[in-house]
Structures are given as C-alpha cells and as structure tokens.
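S.K.: Here's a sequence, model it:
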Amino acid sequence: MVGDKLTRREFIQRTIAASAGLAGAAALGTGAAATAQQTAATTSRVIHMHAPGVLDLQARHTDYQKTKMMVQTGICYLTGELDVEAAWQRLVGPQDSVGIKINCLGGAQMYNNTVLLQVIKEQLMAVGVKPGNIIVFDRYGGHLQGTGFTIGQQEDGTWVRATDGAGPGYDSAVTQQFPAHGKSTTEAAACSKIVTQQITKMINVPILKNHGGAGITLALKNIAFGIFRHTGSAHDNHCDPYIPYMCRHPLIRQKTVLHILDALKGQYEGGPGGQPQFQWAQQSLLMSQDPVALDFLGAQLLNQVRQEHGKSLISNNHMSHIFTAAQLGVGTSDPAQIDVIQQTIA
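M.R.: Alright, predicted model coming up:
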C-alpha cells in the first residue's frame, strides 16, 4: 500500500471459498444452513486482514499505523475501489450521521480496541462526515463508563452515547416482533432512539468473543441485544429466534453499511464477561456487509482456538441463531456463497 491507494498489482484479489480459506471450517459445518434460498443467494464477501504484531497483549499497546493500514486496505478490498476515499464514499458521505455500535459488556477486561475506533472515526471524517455527526454508542451507560469511555462530546468533536440511563431510550414506534420460543405468542422489542432518530448510517463493531448462552457474541448479537430492548424470553433457546428477528428489521438492514469484527484480540471461553486467562492476540480484523457470513467465519476462529486449548467446539445448535438468520434472509452461512479475501500486513 502506497499512501492511501492500492496499486493494481497489490489489488489482485485472492478470493477463495470460505470452506477452504480458513482451517476448521469442517468443524463448524453447515447444518441447517443448507437451504435452497441460500444456494441461490448472492455471494457475500468477507475480508480477513491479519497483521502480526499489531497488538501487544501484555503491554496493552496497539500499533496505530498497522491498524490504519488494515482498515484502509480492507475497505478497498471490500468495495472493489483502489482509492481509500472512494471506498468509504460508497458507504457514507458528508450528509450522514454515523453511529458506531461497540460492545462494552465484557467490562474493563474485554471491550473494543480504542485505536481501532480512532481509525474508524478518522476515516469517516476524511470523507466529510462532521465530527459532531459521529456517535460511538452502546446500550448501557454504566458499561461504557466501566470501560473508560466518557459519555458526551469528546475532544475530537465526536460523541459517546448510551441508550439507557441518561440516554434517549427506546422508540415505541419502531419495534420488531419475534415468535417467543416454545410459546404460541409473539413478543416485541423496541429499537434504540439513537438508531431511529439520531443516525442515518451505522457501522457495527463487535468483538471476537464466545457467549455462554448464544455460543458466540459477534455481529448479529451486537445488534440484537445492543440496540433493542430485549424481553424476558429473548435468551431462550440460545437467543434463537430473538437475535435473527431483530437483525432482520428493515431499518437495521437499511442503515447498517458495514460490520467490522474487532478481532485484534479474542476470548475463546468465559464470555460474555471479560476473562483475561482465556484471551489471545488474534491480530485480525474481519470486514463485511453480511453479518451472517462474518459470524460464520468468526465462529471458526473461536473454534480453532478452543480446539488448540482443549475446549469443546461450539456446536451448530449452540449458535443456531446464525443459521436461523440465514434462513430469514439476513445473510448467508453457506460456505459456497462466501468469498474470503485474506491479506497479511507486514
């Protein structure tokens, strides 16, 4: 990469099928994912950027330049643009208010990498998004503050906001119904007013972590539980069908332009709370516009590391929300319909 552009030679796409591109795909399997609808679906692209040394887990230091290069190179591969600015302009513009959905549930031991968030904000501002129109947000103010975020306007002019507490709350006019597992009734969950009233576009930035209930907590769960006010039955049946139904809401699909899985470090056991003894430096970012494909591949990364540490694999049944989401048309979990572009930053 030279400056903010990729040369033609550097941009040659090394696209491979997901089932061959990442070791451990067979361990995850396709299970319920193999539906006729998915087979006919448009291929989804997932970019796997890897940069050895970008994160020193012990020193808790992140290399800014490598992180920036990972994001810039990844967005070019994802959009097919050679120029970084042109790539971002495919997603956002000066007229937008952009929400960056993060995840602070793991507390001070497991939350979004702040250097990565800085880079994302800088990229948005570079294409004309006003600092005051960039909102980093999560559901609970206490979770944000517990990980070191200060709620309110930041020194760079951007905002950190929470939905609950002193935040704007939920929009009773924008709800998503879902069939409660094991019941003959449906329930409804309201959407955050940050999403319905304060932003026009959203970038979803989950972290790489397992979850005792849902198996994994990646792109899909970061939306469903981080944006909607869940009901008592939302956690039933490993959070399925609650997660898929929230993620299929038309407003969510309309406004969400990008998912960036913060896999600079990961946690393979003990989630969703932060457990340092189960964390490792993965040194990766996964980028996609398909949250199902992203979660499918993120689950493979978790299962690879779990296997290396003698842990049982997260089964398809335990993370069935991925496959239900695919069946509902949210994305694809069929390896034949996922193209992975892998790139290593030296």
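S.K.: List the buried residues for the longest helix along the chain?
M.R.: With secondary structure taken from DSSP state H, the chain has its longest helix at helix 291-308. By neighbour count on 16 or more other C-beta atoms under 10 Å, the buried set for helix 291-308 is 291-306. Heads up, the C-betas are built off the backbone N, CA and C, glycines and all.
S.K.: Could I have the CA atoms of the helix or strand that that helix is followed by written out in CSV?
M.R.: Scanning forward in sequence from helix 291-308 by DSSP states H and E, the next helix or strand is helix 321-327. C-alpha atoms of helix 321-327 as CSV (Å, rounded to 0.1, in the frame of the first residue of the first chain):
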residue,chain,number,x,y,z
HIS,A,321,-29.1,-18.1,15.6
ILE,A,322,-26.5,-17.8,12.8
PHE,A,323,-28.4,-20.4,10.7
THR,A,324,-31.8,-19.0,11.5
ALA,A,325,-30.7,-15.6,10.4
ALA,A,326,-29.6,-17.1,7.1
GLN,A,327,-32.9,-18.8,6.6
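S.K.: tell me the mean pLDDT over helix 321-327?
M.R.: Across helix 321-327, pLDDT averages out at 98.
S.K.: Now the element after it, going C-ward?
M.R.: On the C-terminal side of helix 321-327, the closest following helix or strand by DSSP H and E is strand 338-344.
S.K.: and the longest helix of the chain, how far from the chain's centre?
M.R.: Computed by C-alpha atoms, centre = their mean, to the nearest Å, the chain-centroid distance of helix 291-308 equals 13 Å.
S.K.: Stretch 234-242 now?
M.R.: 19 Å.
S.K.: Figure out the length between the terminal residues of that stretch.
M.R.: Criterion C-alpha to C-alpha, to the nearest Å; first-to-last residue distance in stretch 234-242 is 5 Å.
S.K.: next one: stretch 177-192
M.R.: First residue to last in stretch 177-192 (C-alpha to C-alpha) measures 15 Å.
S.K.: cool, and stretch 125-142?
M.R.: 28 Å.
S.K.: what's the answer for stretch 133-149, then?
M.R.: First-to-last residue span, stretch 133-149, C-alpha to C-alpha: 18 Å.
S.K.: same deal with stretch 117-133?
M.R.: Stretch 117-133 end-to-end distance (C-alpha to C-alpha) = 15 Å.
S.K.: And for stretch 230-250?
M.R.: End-to-end distance (C-alpha to C-alpha), stretch 230-250: 18 Å.
S.K.: Buried residues, it. List them.
M.R.: 230, 233-249.
S.K.: Now go through those residues and say which are in helices.
M.R.: D236, N237, H238, C239, Y242, I243, P244, Y245, M246, C247.
S.K.: pretty sure the fifth one is touching S233, no?
M.R.: The reference is to Y242. Yes: counting by C-beta atoms under 8 Å, S233 is a contact partner of Y242 at 7.4 Å.
S.K.: Just flag the most distant two among the ones in helices among the buried residues of stretch 230-250.
M.R.: D236 and C247 (16.9 Å; C-beta to C-beta).
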